[in-house]
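> Quick one, fold the following:
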Amino acid sequence: MFPQPYNRNVNRIGPGSDDIISPLHRYWGYHEFRPLQEKIVRSLLGGADTCVVMPTGGGKSLCYQLPAAMSASTVLVISPLIALMQDQVAQLSQMGISAAFLNSSLPEKEQSEIIRDLLDGKYRLLYLSPERLARPDTIEWLKKTPLSLFVIDEAHCISEWGHDFRPEYRRLKNFRDEFPDCPIAAFTASATRHVRHDIVEQLRLRSPHKYIASFHRPNLRYIVKESTSKNQGEYLLRALRRHEGESAIVYSPTIKRVAETVEFLRDEGIESLPYHGKMDNEARQTSQKRWMAGEVRVLVGTVAFGMGINKADVRTVVHLSLPKSIEQYYQEAGRAGRDGEPAECVLLWQKRDTALLAHFIGQISAAAERERAWQRYHAIRRFVDATSCRHLGICAHFGETPKWKTCGSCDICGCETDWLEKAASRKGTLPKSSKKRRSDAPPVSRGPAFDALREMLRSWRRSEAERQGIPAFIIFPDTTLDNICAAIPDSIEALLKVNGIGEQKAKRYGARILEMVRSMKRPRVK
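Numbers count the residues shown, from 1 in each chain. The predicted model follows:
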């Protein structure tokens, strides 16, 4: 489907709307695109170099996976995250799209088999780490592979101005010399105007199509609260108990604080799981899988946790220290509310955080790098000290100028914060308000039949995920289960009309889903 060789004069060559809606529904079970997705897909099908900045939850992966599903050759995806590669390959397999990954987690024999299958044209997508791409032997066999597109995920990592610069990403610019005819697409969730320019320059993108989605996440409530070592734990309990029974992430600044927080929460009757870089890979994966499956609702991690996490129903993200940059905060807080439902992002910072950040900046030897770190420090300080809209401040940081001046979804603009401000009850008996509908959330009427079917589907999904050895969300996210409960399909044809169910999943799971639906009494229509 992709023109080869690359034609820099191509503007938009690709199939008509019906042709891309059809595979969208066939594989993903979606009936329409999210904002910008269709335009991005058309740019990639047209062979254009492309730069995409789309916030977490906006549907970036689909933008290059859909063209890959339509292509006769292979899309090469560079990702720094082993866990993300594994999850995405598992998801694609569930949808009937052939994909594989190569990284250090695989034995050499298995890697050789994947390369052989790749050369035989078996895979539509191949995921590689930037380190693996840097190996001379990798370039050698890639040159024998028909490539339709080169995708760089987390592209902000290529820029020294970014918040997560990785030197190994700088070598990606050599790809243009090695594969001059292959279009390049760069994707990231958070990049300032300066970083976006750097991405285009470093990757030597040719007249790229640029797509910058809005950085405004109106369903998120930003709440910033200065705290002390004496009351921070109390605020944390209130945030978690407000969303009792719902998924939460707690970001701690150090490995030591992760352990202390897990122990503190256990003493308060809240089970949580740790995640940090000093844990062995198996222990980290166990924590992540149990949290993803909903077995334990709270995960306490360092910044090592989160990139590539695809859990849509996180209702609260709590930070226990000042992030080192607005980009870092935006990316981590943005893991809340990916399903579009209201979620809270609570930043509990202390004055000592500023001293600690300043200390670490002082340890940076390179003058230019140290100056960039100070710029990020002053930006995050302005954010927490602000007396105007938090959403507006974040948008402005990324170069966006919204027309509105107040959001109603942050502590400054008047979102509900009484629950955090109230005087503490005695230990262990803080008010539990998660059962109450939040004042600005729309009323939802589900009823006992809906809830019973949903619980049955969740239990089946959990068992099926354990049987296959994959995270539960890969089978179906919660939003798809809710769609099934709302539609109450009585046939495979009706099931295929449910948003989020494509042909492969209907074939694989349809009979069992319909069996569960039939076992419930259909609610009487009045």
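> For the helix or strand containing Gln288, list the C-alpha coordinates in CSV.
Element membership of Gln288 [criterion: DSSP states H and E] is helix 281-292. In CSV, the C-alpha atoms belonging to helix 281-292 read as follows (Å, rounded to 0.1, in the frame of the first residue of the first chain):
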residue,chain,number,x,y,z
ASN,A,281,12.3,-8.1,36.1
GLU,A,282,10.0,-11.0,37.2
ALA,A,283,9.0,-9.1,40.4
ARG,A,284,8.2,-5.9,38.4
GLN,A,285,6.2,-7.8,35.8
THR,A,286,4.2,-9.6,38.6
SER,A,287,3.4,-6.2,40.2
GLN,A,288,2.4,-4.7,36.9
LYS,A,289,0.2,-7.7,35.8
ARG,A,290,-1.6,-8.0,39.1
TRP,A,291,-2.4,-4.3,39.0
MET,A,292,-3.4,-4.3,35.4
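> just checking, next helix/strand downstream of that helix?
strand 298-301.
> For that following strand, enumerate its sheet partners and note whether each is parallel or antiparallel.
Here strand 298-301 has these sheet partners by DSSP bridges: strand 247-251 (parallel), strand 272-275 (parallel).
> got a markdown table for those strands, with mean pLDDT and distance to Trp291 too?
Every residue, glycine included, has its C-beta placed from N, CA and C. As requested, the strands paired with strand 298-301 are arranged in a markdown table below (pLDDT from 0 to 100; distance: least, Cβ to Cβ, whole Å):
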| stretch | mean pLDDT | distance to Trp291 |
| --- | --- | --- |
| strand 247-251 | 96 | 7 |
| strand 272-275 | 95 | 6 |
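> ok, now how distant is the residue nearest to Ser105 when sequence neighbours are not counted from Ser61?
Nearest residue to Ser105, sequence neighbours excluded (Cβ to Cβ, 6 or more residues apart in numbering): Ile82, at 5.5 Å. For Ile82, the distance to Ser61 equals 16 Å [Cβ to Cβ, to the nearest Å].
> ok, which stretches of the stretch 1-150 of the chain are strands?
50-53, 74-78, 99-102, 125-128, 147-152 (DSSP state E, counting those that start in this stretch).
> Most tightly packed of the strands paired with strand 298-301?
Greatest average neighbour count among the strands paired with strand 298-301 goes to strand 247-251 (a mean of 25), per mean count of other Cβ atoms under 10 Å.
> And for it, what's in contact with it?
With Cβ atoms under 8 Å, 6 or more residues apart in numbering as the contact definition, strand 247-251 has outside contacts at 236, 239-240, 261, 272, 291, 294, 297-303, 305-306, 311, 313-321, 323, 332, 335-336.
> Can I get it as PDB, trimmed to CA atoms?
The C-alpha trace of strand 247-251 is given here as PDB (Å, rounded to 0.1, in the frame of the first residue of the first chain):
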ATOM      1  CA  SER A 247      -7.400   1.900  40.100                       C
ATOM      2  CA  ALA A 248      -4.800   4.300  41.300                       C
ATOM      3  CA  ILE A 249      -1.100   5.100  40.800                       C
ATOM      4  CA  VAL A 250       1.100   6.700  43.500                       C
ATOM      5  CA  TYR A 251       4.400   8.100  42.300                       C
END
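> Am I right that Gln202 is in contact with Glu160?
No. Between Gln202 and Glu160 there is no contact under Cβ atoms under 8 Å: 9.4 Å.
> Between the two, tell me which one has more neighbours.
Counted by other Cβ atoms under 10 Å, Gln202 and Glu160 do not tie: Gln202 has more neighbours, with 18 against 14.
> Ok, which of the strands paired with strand 298-301 comes nearest Thr56?
Closest to Thr56 of the strands paired with strand 298-301, according to Cβ to Cβ: strand 247-251, at 12.2 Å.
> Following the chain past the closest one, name the next helix or strand.
helix 255-267.
> can you list contacts of that following helix?
With Cβ under 8 Å, 6+ apart as the contact definition, helix 255-267 has outside contacts at 233, 236-237, 240, 250, 252, 271-278, 298, 300-302, 320-321.
> Please pick the buried ones from the residues you listed.
Buried subset of those (neighbour count, 16 or more other Cβ atoms under 10 Å): 233, 236-237, 240, 250, 252, 272-276, 298, 300-302, 320-321.
> Go through stretch 402-411 and flag the buried ones.
Cys407, Ser409, Cys410, Asp411.
> What's the end-to-end length of stretch 480-493?
Chord length of stretch 480-493, first to last residue, is 16 Å (Cα to Cα, to the nearest Å).
> Now do that stretch: distance to the chain's middle.
Mean-position distance between stretch 480-493 and its chain equals 26 Å (Cα atoms, centre = their mean, to the nearest Å).
> cool, stretch 311-324 as well?
The chain centre lies 13 Å from the centre of stretch 311-324; the measure is Cα atoms, centre = their mean.
> taking the mean pLDDT, what do you get for that stretch?
The pLDDT scores in stretch 311-324 average 93.
> same deal with stretch 82-93?
88.
> Please shift the residue numbers so they start at 54 in all later answers.
Done: numbering now begins at 54, and the last item shifts to stretch 135-146.
> And the contacts of it?
Here stretch 135-146 has contacts from 114, 118, 132, 151-154, 156-158, 177-178, 180, 182, 206, 338, 341, 360-361, 363, 523-524, 527, using Cβ under 8 Å, 6+ apart.
> Equivalent analysis for stretch 195-202, please.
The set of residues external to stretch 195-202 that reach it, using Cβ under 8 Å, 6+ apart, is 54-55, 57, 97, 117, 120-121, 124-129, 171-172, 174, 231-232, 235-238.
> at 7 Å what do you get?
Contacts with stretch 195-202, where a contact means Cβ atoms under 7 Å, 6 or more residues apart in numbering, come from 55, 97, 117, 120, 124, 126-129, 171-172, 232, 235-236, 238.
> in the stretch 304-453 of the chain, which ranges drop under the pLDDT threshold?
Scanning the stretch 304-453 of the chain for pLDDT under 70 picks out the ranges 359-361.
> cutoff 80 now
Low-confidence segments of the stretch 304-453 of the chain, defined by pLDDT under 80, span residues 346, 357, 359-363.
> just the helices in it please.
Along the stretch 304-453 of the chain, counting by DSSP state H, counting those that start in this stretch, helices occupy 308-320, 334-345, 379-386, 404-415, 420-438, 443-450.
> one step back: out of the buried residues of stretch 455-464, flag the one nearest to Val551.
Lowest distance from Val551 to these (Cβ to Cβ) belongs to Ser462, with 30.1 Å.
> Please name the residues that touch the closest one.
Ser462 makes contact with Pro271, Leu273, Arg274, His444, Cys468 under the criterion Cβ under 7 Å, 6+ apart.
> Kindly provide the distance from it to Tyr275.
For Ser462, the distance to Tyr275 - Cβ to Cβ - is 7 Å.
> Leaving out chain neighbours, which residue sits closest to Ala421?
Ala421 sits nearest to Glu213 (Cβ to Cβ, 6+ apart), 7.6 Å away.
> likewise Gly215?
His209 (4.0 Å).
> Would you tell me which helix is longest in the chain?
Assignment by DSSP state H gives helix 500-521 as the longest helix of the chain.
> Do me a favour and average the pLDDT over that one.
91.
> Mind giving me the packing neighbours of whichever helix or strand comes after that helix?
Once helix 500-521 ends, the next helix or strand along the chain (criterion: DSSP H and E) is helix 525-528. In terms of contacts (3 or more Cβ pairs under 7 Å, 6 or more residues apart in numbering; DSSP states H and E), helix 525-528 is packed against helix 135-148, helix 500-521.
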